[in-house]
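**Student:** Give me a 3D structure for the following:
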Amino acid sequence: MNETMVTLVGNAATAVEHRLTTAGVPVARFRLAATSRRWDKARECWSDGETSFYTVRSWRALADNVAASVAVGEPLVVQGRLRLREGEQPPERGGQRWFSAEIDAVAIGHDLARGTAAFRRVVRARTDPLPPQRGSSEPAPNAGKSEQADTANFVESTTAGEGPIESKAPAMDEARTAPIATTMTDATTATGTTAMLEVTTAPDATTSTEERTAAGV
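**Tutor:** The predicted structure follows:
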């Protein structure tokens with residue numbers, strides 16, 4: 001985008017008008033008078049030439065700083081984009097056409113060739129919250145709660161209705177002796193013995209020699 005950037009050296013001709021737009025954006029406006037200086041050979045001295053007036057506008061933080069720093073008559077250096085406007089006055093005011101030169105300022109400062117100035121840095125507080133940083137080691141508010149709930153539900157579902165853990169011991173003993181009792185019944189059937197055999201097996205004991213002999217093994 002082609003824009004005409006200019007740098008003007010002059011004096012503040014009016015006071016700074018500082019206001020807020022409807023969107024809440026600060027804007028400042030003042031008139032700058034720039035007078036050219038020429039060398040007069042006849043008088044052998046510098047003389048003032050014609051004076052040009054420019055409307056200087058600034059926005060946001062620059063507007064706030066200009067309103068707090070610039071007064072009428074102070075020498076300034078203004079850099080910004082040059083815009084030319086034209087219009088026509090109403091008939092009751094003569095109906096003449098007018099032209100205006102405006103500067104959308106990007107930088108404004110005092111002309112130190114004509115005086116001194118003290119700089120003060122403005123620190124503005126940050127109001128918007130910072131975004132969460134990646135790789136943060138801080139756990140989430142509900143981290144670990146879902147895992148604990150799943151574990152509690154699993155334990156409750158597996159133990160409900162089964163009674164105490166000690167009640168499972170007889171069932172384990174019956175499961176261990178059931179195959180031995182079945183084998184002894186098959187053996188007596190094969191040999192044709194009709195006598196009833198009573199077998200008592202300890203939880204971890206093996207079949208004795210007498211029981212094997214009686215069963216014909």
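**Student:** Provide a list of residue ranges in the chain with pLDDT below threshold.
**Tutor:** 1, 125-217 (pLDDT under 70).
**Student:** Helices of that one, start to end?
**Tutor:** Along the chain, the segments classed as helices by DSSP state H run 60-69, 145-159, 168-191, 209-214.
**Student:** buried sites along stretch 30-42?
**Tutor:** Neighbour-count burial for stretch 30-42, counted by 16 or more other C-beta atoms under 10 Å, picks out 30-34. Bear in mind the C-beta positions are built from the backbone N, C-alpha and C, glycine included.
**Student:** just stretch 105-116 next, same as before
**Tutor:** Residues 105, 108-110 are the ones in stretch 105-116 that count as buried (16+ other C-beta under 10 Å).
**Student:** what's the answer for stretch 74-93, then?
**Tutor:** 75-76, 78, 80.
**Student:** which residues sit against that stretch?
**Tutor:** Identification of contacts with stretch 74-93 by C-beta atoms under 8 Å, 6 or more residues apart in numbering yields 3-12, 32, 54, 56, 70, 95-111, 113-115.
**Student:** Strands - which of the buried residues of stretch 105-116 land there?
**Tutor:** Residues of these located in strands (DSSP state E): 105, 108-110.
**Student:** With distance to E86 added, can I get the buried residues of stretch 30-42 in CSV?
**Tutor:** Listed next are the buried residues of stretch 30-42 as CSV, based on distance: C-beta to C-beta, whole Å:
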residue, distance to E86
F30, 21
R31, 18
L32, 19
A33, 21
A34, 20
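**Student:** Could you double-check that T51 lies in contact with A33?
**Tutor:** Yes: assessed by C-beta atoms under 8 Å, T51 is found in contact with A33 at 5.5 Å.
**Student:** how close does I108 get to F53?
**Tutor:** Distance of I108 to F53, computed by C-beta to C-beta, to the nearest Å: 16 Å.
**Student:** ok, now D40?
**Tutor:** Distance from D40 to F53, by C-beta to C-beta: 24 Å.
**Student:** now A107
**Tutor:** 20 Å.
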